[in-house]
Structures are given as C-alpha cells and as structure tokens.
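could you look at this predicted model? Sequence included:
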Amino acid sequence: MMTGIERISNILNKKPVDRLGVYEHFWDGTYPEYRKDGKVGADESFEDHFGFDMQEGWPFNLTADLDFTVKIVAETDETVTTLDGNGAYLRRHKKRETTPEHVDFTVKTRRDWEEYKPFLVKPDERRINFERYRQSKEAARKANRFFTWSGVNVFECMHPIAGHEHMLAGMALDPGWILDMAETYANLTVALMEILFAREGKPDGLWFCEDMGFKERPFMSPAMYGELIFPSHKKTIDFARSLKLPVIMHSCGYVEPLLPKMIEAGINGYQTIEIKAGMDLLRIHKNYGDKIALLGGIDVRCLYSNDRDIIGAELKSKIPVVKDGFGYILSSDHSIPPTVRYDSFRYFLEKGLELGKY
Amino acid sequence: MSELINQISEALQSGKAKAVTELIEQALSENVSSKDILEKGLLAGMDIVADKFQKNEVYVPEVLIAARAMNAGTTLLKPHLAEAGAKPIGKAIIGTVKGDLHDIGKNLVRMMFEGKGIEVVDLGVDVSPEKFVEAYETEKPDVVALSALLTTTMGEMKNTVEAFTAAGIRDSVTIMIGGAPVTDSFRNSAGADIYTADAASAAEAAKQAILNK
C-alpha cells in the first residue's frame, strides 16, 4: 500500500498508483457538526480521521497594511461591516457562514492602488506564519501525507483590495494597472515563499486558490486571462518548477475556456470542477486528462441528498472513467457543508475508493 | 443623425463613457430626440453587448464598462427624457435573498435590465421576503428578480414566493430567480415564474414578461 505522499506525487505526475487519492474541504460549520456526537474526536484532525492523502498549510497574510487595526464601521444584530487593511468595507453575517458583501473599496483606480502598493513590495516576514506552516508540515510528515503550501494567487489577491467590479472593469479600462497589481502580488508571493522555504523547508507541492469563474463563464475572456493574469501565474508556477514542486490550482466556477492557458502556465492539477457552474468532470477528463491531474467534480448536491443510491450512482457514473490514466483525486466539486451527514460523507469516501482501486 | 446615433452605440459597446456623453451632448445640440438617443443609441448598444455576452464574445469586464458608459449617458439624458415624457418599458425590483450577501451576479442582472430600458429598484443583499413584499407595495413593479449564490440560501427564494402568495399579490407580478445553484427544476419547486442561467437572458426574459403583460 502506498503512502499519501507517494500516491499524490504519482497522481500529479500521472504515474501508476494503488488507488485514487482522496482529499476534501469542509465548510467551517461542518467541523463542529461532525465532532458534536464524537464521530470525529475533539482533538482529532479530519485528515487523520478520514485518511486523507493530503494536508495543507496556509501561512501567508497578504493584507496590504499589516499595521491597520480592523475597524467596525456599522453593526446590527445580524451583520457587521468592517474596514480592513486593504481599505475594503465588507459586511459579514454574524450567524451564517457566507462570503462577505463588498460594500465599498478604497482602491478603485490605479491612483488609489499606488497608495497601497508600497505595503506590498517588500517581503515583510510578519506576513508569514512560520509556526502554522511548521505544524501542518510536521503533521503531514508524521502521517506520510502530501503536504502543500497553500495560498491565493494573484486573482484572489486583487479582488480583496479592489473588489471584483473595480478589478474587472480595470481589466478593460486600464489593463496596465491590473498587470501591475498582479505582478506586485506575484513577486511578493515568490519572495515570501523563498524566505519560508529557506527557513522551514520545502513542501511537497503548492496549492493556489484562484476563483476565476462563475456560472457558465469565466470572469474574463481567455485572451484577457492570457494578457493580464497568465504572466503572474507563470511566474509563480515557474518558481515552483525551479524547486521541482508540483502545482495544484483551485478555481470554483466555469473556467474551462481558461484551462489551456492554465496548463500552459504549468499547473499539474486542477481542482474543483464545479458541476453547478457548468463544468463536467468527464468532459474535462476527456479533453485535458492526459495533461493534468484532476481533483473534484463529484456533484456535492448528490451528497446533500444524504441518499446512498444517489451518491453511489454519481460515483459509478464518473470514477470508472476518470481513474483511467492514474490522474484523479477523489473529492466533491465544492466544500462539504454541515447538511451532508457524517454517514453520507463516509459512504462517499468508501464507495469512491472501492471504485477507485487499481 | 443615424451616424451620430451609431457612434453613441459603438462608444457604449467599447465602454467609452466620456465619448458617450460627448456624443450625446452633440446629438442633443443637433436636436436629435432624447428618445432616439436612448433607444437607438444606448439601449441598442447594450443589446449588442448583451448578445455578445450570451455568445461568450465578451465577458464581465466589457459588460461592466459598457454599463458604466450607459449609466453616464442615461444620467445626462434623464432630464431631457422627462421633458419629452419618455418612460421606461417597465419596472423591476431586484435583490439577493435573505442570508446571502453576494451581489456580483445581482449587479450584473441590474445592469442588463437597465440596458433593456427597465427601471430597476435595487434592494441590495440579504433581503427578507417581507422586504420584497413591502417593496412591491411601494414600487408596484412588473417583475421581481431574486438572486442567490448559496445552496443554503436558495430556499429563501421559495419563502419569498410564498410571502407574495400570502400577501395576495402573487398573480400581480412575474417572479424571476437566478444564481449559481439555481436550476429550472428548482424554479418549478419554488413556484417562481422564470429561471434563466445568465444575466443577459434574464434581462431579455424580463423584457418579454413586461411586454406580454
């Protein structure tokens, strides 16, 4: 039987393995839900409990002004609006788990960006949580899991400071500004990784989070991706390649039109394959499965059903196909919410791995 | 005249807000009617943008800058349109449902609606069924459009439809739904009238619903 690190390394290189890899993300509310009846022990990690092959460490803080204390600018019984070190006004729900409302952004134009850019040029070590990286790395090593440095890439760096609307409009109106933002974040990310890896050692791979799509469309055209984002993706991935580290890129939403350029940028694996956004695991496998490994693409709505027949049918329709070529890691097409019962998730893993044996 | 109108449409399609306002000022000074500028210049231009968006010939950045250019143009035209007695083709209220703070998709739909000549009252995000009903009573729209990004909040769409039914106004309005997890089969179970997969289709469907009233 292979270890997690052997399995994932082989899958990302399309080499033979004993079974599919397995990994998953969970919504924050799922952790207490699965722990509350003692199904998962209070001190037990989900990686250990479910036997995942991978483990992530998220050590960077890329908020522009590290010395800015987050201010509450408005509050109700249900929501709180804050101003953060990116100059972003965000409203969050207190009782529900959801991404924040983009109320307003200080950075709307290139001129505004120039005020914040100096914060992001020098690789300030305060941006690195060395301890978190060390602990995750050590936990992964003990369990022989594949360990990734995980963090956002440039698209996910830019929208927290400028907001999606200003950033996307900027792509059309002032591409040089967007290119400069992307390059600044890419340079910072590489510089911080150089510091971290020199001190704490390399991970087994990199995991970049980049939500570049929504329902049935990427946010930008493939041409615009190629012009404005691709150079920074290539820069960060080239850095990984220089260290012989494979790269997995995550993107929710429909990003199929961007995949050829993402592959050209050098990704080894693509994660999410969000079905409700229009992605299709079998189609992506057919078109790109010979070039990259795939993670995800099992419709999480089937898991919501908590119906074993539905979950089993979803797995049977996909796993026998995508296991071909040794390039698939079992996971859902989105994070697991608390409405997916523990037993349903267990069944998903057991059935998926049963079908995914070689 | 038609050349100037075409130039307005083309400037809008390119998202050139300054050029749009300059051309509108020129057209007004040449006594081109504000209604023609709006319908044959701005709205026609947005129609082309929406069509290209549906065909994946343009993406969100191009739609955003075209909508900004249209906004600049309509702001300039507004007093002239009021003077000429021109009215929008109908009215919609729009919002993201309770518990959901996402607004990008909803904002795109708002822009596309405005591009069809529909007056839009944007209720924002985290809008409760009661607020939608209250807004209906105040605004008397032709269309109510509900957005949700999360599977955990899409149930509020059904609650909102039920609130309209409970208030006895369900048959007075077309209720549209959309968002990442929403499907036509969900529309059916929620009791809404129209589901569309993207913002441009939503705007066209809203326009048809208004014209067919």
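Good, I have the coordinates.

how about the strands in chain B?
B:90-96, B:118-122, B:143-147, B:174-178, B:194-195 (DSSP state E).

what pLDDT does the residue of chain B most remote from its centre get?
Relative to the centre of chain B, the most outlying C-alpha is that of residue B:30, 29.9 Å out, by CA atoms, centre = their mean. With respect to pLDDT, residue B:30 scores 95.

settle this for me: it is touching residue B:4, isn't it.
Yes - at 7.0 Å, residue B:30 counts as touching residue B:4 under the criterion of CB atoms under 8 Å. Just so you know, the C-beta spots here come from the backbone N, C-alpha and C atoms, and that holds for glycine as well.

can you give me the distance of the spatially most central residue of chain B to residue B:149?
Geometric centre of chain B, nearest residue: residue B:113, 1.6 Å, by CA atoms, centre = their mean. Residue B:113 sits 18 Å away from residue B:149, going by CB to CB, to the nearest Å.

residue 200: what's it in contact with?
Picking chain A for this. Neighbouring residues of residue A:200 by CB atoms under 8 Å, 6 or more residues apart in numbering or on different chains: A:130, A:133-134, A:137.

switch to chain B, please.
Contacts of residue B:200 by CB under 8 Å, 6+ apart are B:50-51, B:53-54, B:112.

which of those fall in helices?
Among the contacts of residue B:200, DSSP state H puts B:50-51, B:53-54, B:112 in helices.

tally of neighbours for the closest residue to residue A:328 other than its chain neighbours?
Of all residues beyond its chain neighbours, the one nearest residue A:328 is residue A:322 (4.4 Å), with distances taken as CB to CB, 6 or more residues apart in numbering or on different chains. For residue A:322, the count of nearby residues is 23 (other CB atoms under 10 Å in any protein chain shown).

let me know the pLDDT of residue A:322.
pLDDT, residue A:322: 98.

right, and it touches residue A:280 too?
No - if you go by CB under 8 Å, residue A:322 and residue A:280 don't touch, sitting 11.2 Å apart.

shared neighbours of these two, anything?
residue A:297.

let me see the backbone angles for the residue farthest from the centre of chain B.
Taking degrees, to the nearest 10, you get phi -100, psi 20 for the backbone angles of residue B:30.

do residue A:348 as well
phi -60, psi -50.

quick one, what contacts it?
Neighbouring residues of residue A:348 by CB under 8 Å, 6+ apart: A:298, A:303, A:311, A:315, A:332.

please repeat the previous calculation with a cut-off of 7 Å.
By CB atoms under 7 Å, 6 or more residues apart in numbering or on different chains, the contact set of residue A:348 is A:303, A:311.

quick revisit: output the ones in helices among the contacts of residue B:200 in JSON lines, with distance to residue B:166, neighbour count and pLDDT appended to each entry.
Listed next are the ones in helices among the contacts of residue B:200 as JSON lines, based on distance: CB to CB, whole Å; neighbours: other CB atoms under 10 Å in any protein chain shown; pLDDT from 0 to 100:
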{"residue": "B:50", "distance to residue B:166": "35", "neighbour count": "24", "pLDDT": "92"}
{"residue": "B:51", "distance to residue B:166": "39", "neighbour count": "13", "pLDDT": "94"}
{"residue": "B:53", "distance to residue B:166": "36", "neighbour count": "23", "pLDDT": "93"}
{"residue": "B:54", "distance to residue B:166": "36", "neighbour count": "16", "pLDDT": "91"}
{"residue": "B:112", "distance to residue B:166": "30", "neighbour count": "27", "pLDDT": "93"}
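
quick one on the thing from earlier: the residue nearest to residue A:328 reaches residue A:284, doesn't it?
No - in this structure residue A:322 lies outside contact range of residue A:284 using CB atoms under 7 Å: 8.9 Å.

find residues that contact each of these two.
residue A:294.

any idea how far residue A:330 is from chain B?
Residue A:330 sits 21 Å away from chain B, going by CB to the nearest CB, to the nearest Å.

ditto for residue A:236
Distance of residue A:236 to chain B, given as CB to the nearest CB: 22 Å.

that residue contacts residue A:153, doesn't it?
Yes - between residue A:236 and residue A:153 there is a contact under CB under 7 Å: 6.1 Å.

overlap of the contact sets of these two?
Common contact partners of residue A:236 and residue A:153 (CB under 7 Å, 6+ apart): residue A:208.

between the two, who's got more neighbours?
Under the neighbour definition other CB under 10 Å, residue A:236 and residue A:153 were set side by side, and residue A:153 has more, 28 against 24.

pull the most distant pair out of the ones in helices among the contacts of residue B:200.
Farthest-apart pair in these is B:51 and B:112; separation 11.0 Å (CB to CB).

which parts of chain B sit against chain A?
B:15, B:56, B:59-62, B:64-65, B:68, B:99-105, B:107, B:125, B:150-152, B:180-181, B:197-198 (CB under 7 Å from any CB of the partner chain).

apply 8 Å and report the result again.
Residues of chain B lying close to chain A by CB under 8 Å from any CB of the partner chain are B:15, B:56, B:58-62, B:64-65, B:68, B:99-105, B:107, B:125-126, B:150-153, B:179-181, B:183, B:197-198.

which of the residues you listed count as buried?
In the residues of chain B next to chain A, burial by neighbour count holds for B:15, B:58-62, B:64-65, B:68, B:99-105, B:107, B:125-126, B:150-153, B:179-181, B:197-198, counting by 16 or more other CB atoms under 10 Å in any protein chain shown.

the helix or strand harbouring residue A:270 - what's its average pLDDT?
Assigned by DSSP states H and E, residue A:270 belongs to strand A:269-272. The pLDDT scores in strand A:269-272 average 97.

in chain B, what spans have low per-residue confidence?
Under the criterion pLDDT under 70, the flagged ranges of chain B are B:1.

what of chain A?
Scanning chain A for pLDDT under 70 picks out A:97.

now do 90
A:28, A:37, A:78-79, A:92-102, A:215, A:334 (pLDDT under 90).
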